[in-house]
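[1] this one's sequence-less:
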């Protein structure tokens, strides 16, 4: 199985003394547009609803994202419920599932196909929770991370948004890496002026063997047959 390796997409936050409202309207209003979109998506993941303007009070914002605040346990004690493993799964999903969905949307906008995300979560309240993003249709692992649930906490909405956006960025880059295709065009005695309307996951390399009169610094070794040539990439 192809794998992305084990990368830490964000640093663990240091614990701070709880405040009345760890997440506030002031923090929300200071977000950039991409960060705000990520936070809205997290809110919908956690509650089933986005934050309406009327809900953007300190109290409502703190309540909405309470599961993701820094705390001493796997989850805040008031969030534990009867099924702790399911609550931990929900906590991680608010970061990784949302990042996955945002990555899907961006890839579709770029008209990149050939992937089918599958999020797998192995929750634990004693040891590390593992998260993997696989492909339903092919043996590819786009992401594999693990951390203890009590380490997954955020001090501000900005920190939370950036973590989600980092998951998104990682997945987009991995999909492009795994689906990128290279096309070689070999010419001699002709000129290619431009290559247009290329999909974002296609690289075109034009290899020109007509080297007469070409400056020495422009000459390269052909990646196809090792002959001297001029290489242009699109």
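    Noted; the coordinates are in hand. Since we're looking at a predicted model, the values are computed, not measured.
[2] Count the residues that sit near residue 20.
    In terms of burial, residue 20 registers 8 neighbours under the definition other C-beta atoms under 10 Å. Bear in mind the C-beta positions are built from the backbone N, C-alpha and C, glycine included.
[3] what's near enough to touch the closest residue to residue 74 other than its chain neighbours?
    Sequence neighbours aside, residue 149 is the residue nearest to residue 74 in space, at 3.9 Å (criterion: C-beta to C-beta, 6 or more residues apart in numbering). Residues near residue 149 by C-beta atoms under 8 Å, 6 or more residues apart in numbering: 74, 75, 88, 91, 92, 123, 124, 125, 129.
[4] wait, isn't residue 41 in contact with residue 161?
    No - with contacts counted by C-beta atoms under 8 Å, residue 41 stays clear of residue 161, the gap being 9.5 Å.
[5] out of those two, which sits in the more crowded spot?
    Between residue 41 and residue 161, counted using other C-beta under 10 Å, the more crowded position is residue 161 (25 against 21).
[6] In which helix or strand does the nearest residue to that one once chain neighbours are set aside reside?
    Of all residues not flanking residue 161 in the chain, residue 35 sits nearest, at 3.7 Å (C-beta to C-beta, 6+ apart). Taking DSSP states H and E as the definition, residue 35 sits inside helix 33-47.
[7] Run through who's touching that helix.
    Where contact means C-beta under 8 Å, 6+ apart, the residues beyond helix 33-47 that reach it are 28, 31, 49-51, 64-65, 67-68, 90, 93-95, 97-98, 101-102, 157-158, 160-162, 164-165, 168.
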